[in-house]
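> turn this into a structure:
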Amino acid sequence: NLHLPGIDRLGDLSTLQEKRNQMLELLMYTGSAAETFLLILLLAAIPALSEEVFFRGLLQRYFSDWFGKAWPGILLSAFLFTLLHFSVTQFLPIFLMGMLLGYLYHWTHSLLVPLLFHFINNSLTVVFHQLSKSYPDQALFRDDYTPGILLVLLSLLASAVLVWFVYRSRVQEEAEQVWP
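Sure thing, here's the model as predicted:
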């Protein structure tokens, strides 16, 4: 995204983005399966758990209660979620992810679904980054912290399966209430 037209006009913001990417590169340097597992724990499991508890479980619930409606809580928590990620060039995708996670929390009344979704997203990012290092000539794996088409398709597939299971569970619960 740093190569998009007009990004250079952001000045210090593009420098901040470059420093963020350099930090991620240092953090994600690994060679073994054990190190990759540790990265998934550090960059997928812990952030998913802590961010979902804070942004959806605390902030979204607070803002939704304060405004008396769900959508302001979803929007405000998604916006703050985006700001926390310090990514100028990926503001919109992160914001949309925050809104999706907020909606999943609102829809299911459970932190488990957005937490799993968040974990899957972060894990796929780590795995694809590792694959891009192991197979640098493969066009399917990109190395610039933007998802390649394969990552997007896998993420969409995993998301669809997760949403289907939640929907099926909700329909079954409602049916059991009608026909005990």
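> going forward, measure contacts between C-alpha atoms and count neighbours the same way
OK.
> dihedrals phi and psi, S110?
Backbone torsions for S110, taken as degrees, to the nearest 10, come to phi -140, psi 140.
> and the one helix or strand S132 maps to, which residues are buried?
Using DSSP states H and E, S132 falls within helix 112-134. Neighbour counts using 16 or more other C-alpha atoms under 10 Å place 113-133 of helix 112-134 among the buried residues.
> so which strand or helix has D65?
Short version, using DSSP H and E: D65 is in helix 61-67.
> tell me the helix or strand right after that helix.
helix 70-84.
> for G98, give me its contacts.
Residues near G98 by C-alpha atoms under 8 Å, 6 or more residues apart in numbering: I74, S77, A78, F79, F81, T82.
> what's the closest of these to M97?
Checking these against M97 by C-alpha to C-alpha gives A78 as the nearest, at 7.8 Å.
> name the element the nearest residue in space to the closest one that is not next to it in sequence belongs to?
Leaving aside its sequence neighbours, A78 sits nearest to G98 (C-alpha to C-alpha, 6 or more residues apart in numbering; 4.3 Å). Here G98, judged by DSSP H and E, is contained in helix 91-108.
> next, the angle from that helix to helix 112-134.
On the basis of axes from the mean of the first three to the mean of the last three C-alpha atoms, to 10 degrees, helix 91-108 is oriented at 150 degrees to helix 112-134.
> can I get the CA coordinates of helix 91-108 in PDB?
The C-alpha trace of helix 91-108 is given here as PDB (Å, rounded to 0.1, in the frame of the first residue of the first chain):
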ATOM      1  CA  PHE A  91      -7.300   2.100   7.700                       C
ATOM      2  CA  LEU A  92     -10.300   1.100   5.700                       C
ATOM      3  CA  PRO A  93      -9.700  -2.700   5.700                       C
ATOM      4  CA  ILE A  94      -9.000  -2.700   9.400                       C
ATOM      5  CA  PHE A  95     -12.000  -0.500  10.100                       C
ATOM      6  CA  LEU A  96     -14.300  -2.800   8.100                       C
ATOM      7  CA  MET A  97     -12.800  -5.800  10.000                       C
ATOM      8  CA  GLY A  98     -13.600  -4.000  13.200                       C
ATOM      9  CA  MET A  99     -17.200  -3.400  12.100                       C
ATOM     10  CA  LEU A 100     -17.600  -7.100  11.000                       C
ATOM     11  CA  LEU A 101     -16.200  -8.200  14.400                       C
ATOM     12  CA  GLY A 102     -18.600  -5.800  16.100                       C
ATOM     13  CA  TYR A 103     -21.500  -7.000  14.200                       C
ATOM     14  CA  LEU A 104     -20.600 -10.700  14.900                       C
ATOM     15  CA  TYR A 105     -20.500  -9.900  18.600                       C
ATOM     16  CA  HIS A 106     -23.900  -8.000  18.400                       C
ATOM     17  CA  TRP A 107     -25.500 -10.800  16.400                       C
ATOM     18  CA  THR A 108     -24.300 -13.700  18.500                       C
END
